[in-house]
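> Can you look at this prediction? I've put the sequence above it.
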Amino acid sequence: MMTLKALLIKEFTMLRRDAFLSRTVVLLPLVVMLVLPLVTTMDVRNVEVAVVDNDMSQLSRRIIADMDASEHLSVSESTFTFDEALAAIEDGRAYATVTIPRGYSRMLQEGQCPRLDIRANGVDAIKGMLAARYALQSLGVTLTQWRAETGYDLPPSDNNVLYMYNPTLSYKNYMIPALMVVLLVVICGILPALNLVTEKEFGTIEAMNVTPVGKMTFVLSKLIPFWIIGLLVITLGILVGWLVYGLKPIGSVPAIYLASFIFSLLMSGLGLSVANRSSTMLQTIFVCFAVAIVFMLMGGLFTPIESMPEWAQYFTYMVPPRYFIEIMRSVYLKGASMADLWPDYVALCGFATVFLLVSAFTYRKRS
């Protein structure tokens, strides 16, 4: 333990003196948590829609006005024929059409459940999908207010959509928990690898190789500082998400820290394994960059795993960030507990054990 303590003091001293690492540890979390949630977003404002008003009632005019007043929608065309609305889509002036049928208000008052005809532009699929979704959401709000004002007992409508766990449909709520995974990949995976390879290039590791320090003690001395930094980075990420974006975990915060610690072990073991097999900084950067790209694309960071091809979905079971991202989003948005997510914790523990053992056995002391 005395040897490990002395080595840890050495590692923290080197980290403090290394201008690149010390600045990266502080600035990277701030940049990622403050900038990326604003950039990596699928939220679209003022999506243009064309409305065909065949009802010409007070309610239909209110539906159109509420859509146009919404921060998500903009009524670019209010026509009386579907052909005119379709022309707006073809000309790029609208991304969806909403057709209010004739007698819509009267049928609602009679207890019937008429449906709006909503058609979205499939060429620009994202905006078309969002336009249709926002139109349904606006319609539900309008009908709820109208029922409260008039006292009509409206029948349940299949036009309304309930968005669970993220009622505001804010993409920031989806991305902020996952961006903490990116921070740990860099802080606890790439930086330890660069730290070890730097010592190789400078030749300072040769002095360590001729000492009687055991491999496990040496590996722990290299990893423990980054484990501590990783937990501090997660704390900073939680605070920034809460203070800047108003997003805080619904579930247990200890569940987040437990998953973060296990993932820190996993990534540091992987980074050290890469460094053990690399002789130059350039080799380490190339390998770490390739691994990080696979982790980001296949771990469900930007796109849902369910939207991937079936073969790719099976491949994601071999990508550790898949489990950590699932834990973070479930705890943040669903309020899930550790008992609910135990398969993900077990998977992370398995990967962490494998990578730490590989990092210990692949380190070779050279005389």
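Sure, I can see it.
> wait, what's in contact with Met281?
Leu194, Val197, Thr198, Glu201 (CB atoms under 8 Å, 6 or more residues apart in numbering). All C-beta spots, glycine's among them, are computed from the backbone N, C-alpha and C.
> among those residues, who's most crowded?
For these, the largest number of neighbours (other CB atoms under 10 Å) sits with Val197, at 24 neighbours.
> sec struct for Val49, please.
strand (DSSP: H, G, I helix; E, B strand; the rest coil).
> how much space is there between it and Leu266?
46 Å (CB to CB, to the nearest Å).
> and Phe324, what does it touch?
Val181, Leu184, Ala259, Ser260, Phe263, Gly299, Asp344, Leu348.
> a markdown table for the residues you listed, including distance to Tyr314?
Converted to a markdown table, the contacts of Phe324 look like this (distance: CB to CB, whole Å):
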| residue | distance to Tyr314 |
| --- | --- |
| Val181 | 21 |
| Leu184 | 25 |
| Ala259 | 23 |
| Ser260 | 26 |
| Phe263 | 22 |
| Gly299 | 14 |
| Asp344 | 17 |
| Leu348 | 19 |
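> got those residues as CSV, with neighbour count columns?
Putting those into CSV (neighbours: other CB atoms under 10 Å) gives the following:
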residue, neighbour count
Val181, 28
Leu184, 26
Ala259, 26
Ser260, 26
Phe263, 28
Gly299, 23
Asp344, 21
Leu348, 24
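> which of the residues you listed lies closest to Gly271?
Closest approach to Gly271 among these (CB to CB): Leu184, at 10.9 Å.
> list the contacts for the closest one?
Gly230, Val233, Ile234, Ser260, Phe263, Ser264, Met267, Phe324.
> hmm, try it at 7 Å
Gly230, Ser260, Phe263, Ser264, Met267 (CB atoms under 7 Å, 6 or more residues apart in numbering).
> Backbone dihedrals for the residue nearest to the first one when sequence neighbours are not counted, both of them.
So the one you mean is Gly230. Distances taken as CB to CB, 6 or more residues apart in numbering put Ser264 closest to Gly230, at 3.9 Å, once the chain neighbours are dropped. Ser264 adopts backbone torsions of phi -60, psi -40, taken as degrees, to the nearest 10.
> Show me the longest helix that occurs in this structure.
helix 215-245 (DSSP state H).
> for this structure, what spans make up the strands?
47-53, 73-79, 96-100, 117-120 (DSSP state E).
> Okay, now the sheet partners of the shortest one, with direction.
If I follow you right, that is strand 117-120. Sheet partners assigned to strand 117-120 using DSSP bridges are listed as strand 96-100 (antiparallel).
> Much appreciated, bye for now.
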